[in-house]
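Peer 1: I would like the atomic coordinates for the input below:
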Amino acid sequence: MAYPDDGEPVGVRVIDQVRSDLTDINGTGYHHTLREVRVYDGAAISLGSVTGPFALVIPESDQVLDDTTGMIRHSLMLSIVAGLRTMTGSTTWKNELRWLLADITQRFEQDKQLNGLAAYLTATSQEVFEAETTQPLAICRAQYRIEYRHVHDNPSVVT
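Peer 2: Numbering: from 1, shown residues only. Predicted coordinates for the structure are as follows:
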C-alpha cells in the first residue's frame, strides 16, 4: 500500500490555525492589534521593522499519547512569545503585556478546538518577563497544550 498523500498533516494545520487565530487579534474587541505573527522555523528572527505588538509561535514538543484505537492522539506543547516596543524610561509595558496575554487568552477561548482540528486546547502557563527600562522591547509568554488526533494510517485526516 502506497503511503497516502492527502494533504498537509493535521499537526502542521494545527500550528497554522494557531497562527491564523492570533492574526485575528486586530483591535476589534481586543486591547491590541497584533501587527506581526510568525511561526518559529529555526531561522534567525529580526524584529527591526515591527512597529507594534507581535507574536511568535514556537512548537516545543509533539508527543504521541495513544495509537491503539485506529487513531493516533498527540499532545502538542507550544509557546507563544508576544511582545511590544517600549519607550525608554516607560513603565507602562507591564500593564500592556498583561492586556496582550488577555487578548491571546480571549482569542483561544473563542476557538478552543482550532476550527475543528483539535480535541482541545488548554493554557498551561503565562509569564511576563522583566524588561530593562533602557531596552525598546518587552515580552511575555503563554504556553498551551493542544490535543489533536488523526487516523492511524494517514496523518492528514482528522478524527
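Peer 1: Show me where the chain dips below the pLDDT cut-off.
Peer 2: In the predicted model, the chain carries pLDDT under 70 at residues 1-6, 48, 88-89, 133-134.
Peer 1: Can you show me the strands along the chain?
Peer 2: With DSSP state E applied, the chain shows strands at 36-39, 54-66, 71-85, 120-128, 137-151, 154-158, listed in chain order.
Peer 1: Dump the ones you listed to CSV, plus mean neighbour count and distance to residue 45.
Peer 2: The way it works is simple: take the backbone N, C-alpha and C, and place the C-beta from them, glycine included. Listed next are the strands of the chain as CSV, based on neighbours: other CB atoms under 10 Å; distance: least, CB to CB, whole Å:
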stretch, mean neighbour count, distance to residue 45
strand 36-39, 17, 7
strand 54-66, 15, 7
strand 71-85, 20, 10
strand 120-128, 14, 19
strand 137-151, 20, 12
strand 154-158, 17, 28
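Peer 1: Can you lay out those strands as JSON lines showing distance to residue 23?
Peer 2: Output for those, formatted as JSON lines (distance: least, CB to CB, whole Å):
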{"stretch": "strand 36-39", "distance to residue 23": "5"}
{"stretch": "strand 54-66", "distance to residue 23": "9"}
{"stretch": "strand 71-85", "distance to residue 23": "12"}
{"stretch": "strand 120-128", "distance to residue 23": "17"}
{"stretch": "strand 137-151", "distance to residue 23": "16"}
{"stretch": "strand 154-158", "distance to residue 23": "22"}
